[in-house]
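# got a sequence here, can you model it:
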Amino acid sequence: MKKTRLGILIEDETLAWHMFEPLKLLVDEGIVEVCIAVRRSVKPKSIISNVTEVIPFINQRIFSFLSRTKSDVKGYSIHDLVANGKIPIIISTPKQYQSTDEIEDSVIEKLGAADLDYLLNIGFQNLTEKVLGITKKGILSFHYGDETIKRGEPALYWQFAERWDHSVVSLHLLSDSLDGDKVVGRGYCTLFYLNYNLTEHKLNGVLASILYCYFHNNNIGVESEKFADSIDDCTNYKTTKYLTAIRHLTGYLKYYAVEIFYKISYLSQWSIFIGSVDQSIQTYTELLPEKGCFWADPFYIEQDSRRYIFFESLNYKENIGRIEWVELNESNQVIDSGPTNLGISVHLSFPNVFKYNNVIYMIPEAAETNCINLLKATNFPHKWEKVHKLVVGVKALDSAVIKHNGLWYLFTTHGSLSEITAGLELQIYISDKLMSDDWTLHPLAPIKIDVRGSRLAGALFRKNGQLFRTAQDCTIRYGRRIALYLVEDLTPISYKETFVRYIEPNWATDIDRLHTYNIYDQTVVLDVSRDRFRFTV
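Predicted coordinates:
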């Protein structure tokens with residue numbers, strides 16, 4: 001395959017990890033060749049050079065200081081992106097306007113001689129004029145924030161200070177032959193309101209995955225159907241005014257103090273509900289955990305006319321998940337219970353149990369093993385053994401398989417580059433048999449990078465001949481609610497799903513979260529969370 005010739009526009013000769021690592025991997029895989037760099041010699045004005053920007057600058061520093069995660073400040077040399085250790089560099093002194101840079105003709109001439117497919121803008125402002133048509137495919141640049149709502153800077157500051165539901169990173173493609181700005185990649189990320197640095201770190205992880213996947217998935221110069229979008233005129237982020245910035249800071253400090261109090265004083269206690277598909281959730285039977293632990297991630301199965309639920313049991317003191325089971329009578333009362341022996345000693349959750357050819361299998365979440373394990377019941381429900389490693393080398397969360405039109409599909413979430421985006425990237429693997437050594441990644445994977453609905457909330461299920469997927473919406477807080485999707489197209493080369501509705505944890509005032517929803521025939525099991533005073537659970 002012919003390498004993509006790439007030029008990069010930089011501010012200095014070091015790159016942050018989220019730009020360097022995807023580029024280095026693409027270079028090592030022979031997909032991309034970094035041919036030239038243009039370094040911007042005009043430094044952006046200091047944020048404190050404008051007195052109106054002092055307070056938001058201070059606010060950001062306070063947000064960062066109060067974060068539990070340290071900022072990643074390590075830089076990587078751009079010269080490590082080429083085999084000989086020395087990338088050609090052109091110095092540019094562009095004409096600067098309020099938010100744009102106009103690169104001089106002498107630099108454009110040298111870029112033209114480099115015969116580039118793309119320019120990747122890392123260190124310049126928005127580009128205008130002749131440089132837009134200098135490459136074969138266009139110019140790639142990233143934007144933080146939802147460009148359909150607002151554009152400009154500082155995007156992360158505004159989202160964090162105003163406590164948006166989520167944050168967005170988008171990859172834009174611009175050239176003089178295109179009708180304006182095109183969004184060719186987009187990822188939605190959690191906003192951790194107590195941790196500004198972690199929010200930024202996650203966003204950068206999303207950025208890295210988008211950049212890597214854009215080139216790796218051979219979408220070169222082609223708009224992805226998942227992301228393609230035009231950018232219309234919309235409101236810019238404005239420089240924060242004094243009173244607004246002061247309101248942001250006081251509001252955040254108040255919120256921070258309340259949340260820290262709640263974190264110290266309360267625990268989230270998950271419990272399980274069971275009912276039927278034709279029954280109102282308000283009338284479901286609740287199964288309460290034992291004191292000192294919570295029960296979550298329920299999966300229901302029937303065997304020999306007996307009814308079981310497998311679930312994650314987490315002891316608060318140990319903070320390690322284990323898989324346990326309960327047996328129910330026809331009135332949904334617990335008649336027996338116990339632990340399972342899976343032969344895996346790491347943190348366990350999401351015990352996806354299912355039958356195939358009269359054998360009961362389980363795919364538990366065991367991310368620390370760096371593989372997706374298939375287990376078989378040898379003494380149901382007590383003892384299980386590993387029979388196959390479906391996918392290795394990934395820290396996968398919440399996996400489920402389904403046989404569809406003669407093929408097996410494995411749905412899971414893990415990062416394309418690292419575990420930073422493990423719960424954000426929906427991946428699909430394909431095989432012609434369950435216990436195969438040749439599970440291949442779907443060509444469209446990651447299907448989405450989206451905190452609003454990537455991570456599975458249970459096994460896929462069929463109803464009235466249609467295939468559905470439940471997903472966790474983890475905006476605002478982990479396990480906020482369930483997003484239900486209709487899978488309209490699932491083949492080895494295509495995938496399409498349509499959002500149907502949210503399943504909200506709103507049938508009781510003290511219930512605030514819901515993150516697992518499983519259907520087995522006519523039986524439904526789900527979990528909910530309540531904030532309980534720490535010394536009462």
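# low-scoring stretches of the stretch 251-400 of the chain, by residue?
In the prediction, the stretch 251-400 of the chain carries no residues with pLDDT under 70.
# please enumerate the helices of it.
Under the criterion DSSP state H, counting those that start in this stretch, helices are not mapped anywhere in the stretch 251-400 of the chain.
# equivalent analysis for the stretch 51-200 of the chain, please.
Counting by DSSP H, counting those that start in this stretch, the segments of the stretch 51-200 of the chain that form helices are 54-66, 105-113, 155-161, 196-216.
# how about the nearest residue to residue 246, chain neighbours excluded?
With C-beta to C-beta, 6 or more residues apart in numbering as the criterion, residue 246 has its nearest non-adjacent residue at 6.6 Å, and that residue is residue 55. Any C-beta I mention is one placed from the backbone N, CA and C, and that applies to glycine too.
# give me the neighbour count for that neighbour.
Number of residues near residue 55 (other C-beta atoms under 10 Å) recorded here: 18.
# can I get the helices of the stretch 51-200 of the chain in JSON lines with distance to residue 458 and mean pLDDT?
As requested, the helices of the stretch 51-200 of the chain are exported to JSON lines (distance: least, C-beta to C-beta, whole Å; pLDDT from 0 to 100):
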{"stretch": "helix 54-66", "distance to residue 458": "35", "mean pLDDT": "86"}
{"stretch": "helix 105-113", "distance to residue 458": "51", "mean pLDDT": "92"}
{"stretch": "helix 155-161", "distance to residue 458": "30", "mean pLDDT": "81"}
{"stretch": "helix 196-216", "distance to residue 458": "24", "mean pLDDT": "92"}
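# highest mean neighbour count out of those?
Neighbour counts averaged per stretch over the helices of the stretch 51-200 of the chain are highest for helix 196-216, at a mean of 23; criterion: mean count of other C-beta atoms under 10 Å.
# can you put the helices of the stretch 51-200 of the chain in JSON lines and add distance to residue 488?
Conversion of those to JSON lines gives the following (distance: least, C-beta to C-beta, whole Å):
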{"stretch": "helix 54-66", "distance to residue 488": "41"}
{"stretch": "helix 105-113", "distance to residue 488": "43"}
{"stretch": "helix 155-161", "distance to residue 488": "32"}
{"stretch": "helix 196-216", "distance to residue 488": "22"}
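# which one of those lies closest to residue 426?
With distances scored as C-beta to C-beta, the stretch of the helices of the stretch 51-200 of the chain nearest to residue 426 is helix 196-216 (11.7 Å).
# how many other residues sit next to the nearest residue to residue 446 once chain neighbours are set aside?
If you skip the residues right next to it in sequence, residue 446 has residue 425 as its closest partner in space, 4.0 Å away by C-beta to C-beta, 6+ apart. As a burial measure, residue 425 scores 26 neighbours (other C-beta under 10 Å).
# mind checking how far residue 425 is from residue 395?
Summarising the geometry, the distance separating residue 425 from residue 395, computed by C-beta to C-beta, to the nearest Å, is 11 Å.
# also residue 184?
Residue 184 sits 27 Å away from residue 395, taking C-beta to C-beta as the criterion.
# pick out whichever of those two has more residues nearby.
Neighbours of residue 184 and residue 395, each counted by other C-beta under 10 Å, are more numerous for residue 184; the result is 21 against 18.
# wait, doesn't the more buried one sit right on residue 143?
No - counting by C-beta atoms under 8 Å, no contact exists between residue 184 and residue 143, whose distance comes to 11.8 Å.
# who touches both of the two?
Common contacts of residue 184 and residue 143, defined by C-beta atoms under 8 Å, 6 or more residues apart in numbering, comprise residue 172.
# related to what we said a few turns ago, for the residue nearest to residue 446, which residues make a bridge with it?
Per DSSP bridges, the residues bridged to residue 425 are residue 449.
# now do the contacts for the residue nearest to residue 246.
For residue 55, the contact set (C-beta under 8 Å, 6+ apart) comprises 240, 242, 245-246, 249.
# picking up where we left off before, my read: the residue nearest to residue 446 touches residue 412, true?
No - here residue 425 does not reach residue 412: they are 9.2 Å apart, not a contact under C-beta under 8 Å.
# identify the contacts common to these two.
With the criterion set as C-beta under 8 Å, 6+ apart, the contacts of residue 425 and residue 412 do not overlap.
# and the strands in the stretch 301-450 of the chain, which stretches?
Assigned by DSSP state E, counting those that start in this stretch, the strands in the stretch 301-450 of the chain fall at 306-315, 320-328, 334-339, 349-356, 359-365, 371-379, 383-392, 397-404, 407-413, 425-431, 440-441, 448-449.
# what's the burial count for residue 511?
Burial of residue 511 is recorded as 16 neighbouring residues (other C-beta under 10 Å).
# now do residue 505
Look at residue 505: counted by other C-beta under 10 Å, it has 22 neighbours.
# confirm that it sits in a strand.
No - under the criterion used here (DSSP: H, G, I helix; E, B strand; the rest coil), residue 505 is coil, not part of a strand.
# who are the neighbours in contact with it?
Here residue 505 is in contact with 481, 511-514, 528-529 (criterion: C-beta under 8 Å, 6+ apart).
# residue contacts, the closest residue to it other than its chain neighbours?
Computed as C-beta to C-beta, 6+ apart, the closest residue to residue 505 that is not its neighbour in sequence is residue 514, at 3.8 Å. Neighbouring residues of residue 514 by C-beta under 8 Å, 6+ apart: 479-482, 503-505, 526-529.
# which residues sit in contact with the nearest residue to residue 146 once chain neighbours are set aside?
Setting aside the residues directly before and after it, residue 146 is nearest to residue 168 in space (C-beta to C-beta, 6+ apart), at 4.5 Å. With contacts taken as C-beta under 8 Å, 6+ apart, residue 168 has the following neighbours: 144-147, 186-189.
# can you flag the buried ones in the contacts of residue 514?
Applying 16 or more other C-beta atoms under 10 Å to those, the neighbour count classes 479-482, 503, 505, 526-529 as buried.
# does residue 383 have beta-bridge partners, and which?
Beta-bridge pairing for residue 383 (DSSP bridges): residue 341, residue 379.
# how far away is it from residue 377?
Relative to residue 377, residue 383 is positioned 7 Å away (C-beta to C-beta).
# ditto for residue 290
24 Å.
# more neighbours, those two?
Applying other C-beta under 10 Å to residue 290 and residue 377 shows that residue 377 carries more neighbours, namely 19 against 12.
# so which bits of stretch 390-406 are buried?
Judged by neighbour count using 16+ other C-beta under 10 Å, the buried positions of stretch 390-406 are 390-391, 394-402.
# ok, so of the buried ones among the contacts of residue 514, who is nearest residue 470?
Using C-beta to C-beta, residue 482 comes nearest to residue 470 of the buried ones among the contacts of residue 514, at 5.4 Å.
# my guess is the closest one contacts residue 473. True?
Yes - counting by C-beta under 8 Å, residue 482 sits close enough to residue 473 to count as a contact (6.9 Å).
# find the residues that touch each one of those two.
The contact lists of residue 482 and residue 473 share residue 502, where a contact means C-beta under 8 Å, 6+ apart.
# so what touches stretch 256-264?
Contacts of stretch 256-264 from elsewhere in the structure, counted by C-beta under 8 Å, 6+ apart, are 66, 193-194, 531, 534.
# just these now: which is nearest residue 299?
Nearest to residue 299, judged by C-beta to C-beta, of the contacts of stretch 256-264 is residue 531 at 25.0 Å.
# that closest one sits in which helix or strand?
Take DSSP states H and E as the rule and residue 531 turns out to sit in strand 523-533.
# quick one on the thing from earlier: and the buried ones among the contacts of residue 514 as a markdown table, adding pLDDT and distance to residue 314?
As requested, the buried ones among the contacts of residue 514 are exported to a markdown table (pLDDT from 0 to 100; distance: C-beta to C-beta, whole Å):
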| residue | pLDDT | distance to residue 314 |
| --- | --- | --- |
| 479 | 93 | 13 |
| 480 | 94 | 19 |
| 481 | 97 | 21 |
| 482 | 97 | 20 |
| 503 | 96 | 23 |
| 505 | 95 | 19 |
| 526 | 98 | 17 |
| 527 | 98 | 12 |
| 528 | 97 | 15 |
| 529 | 96 | 12 |
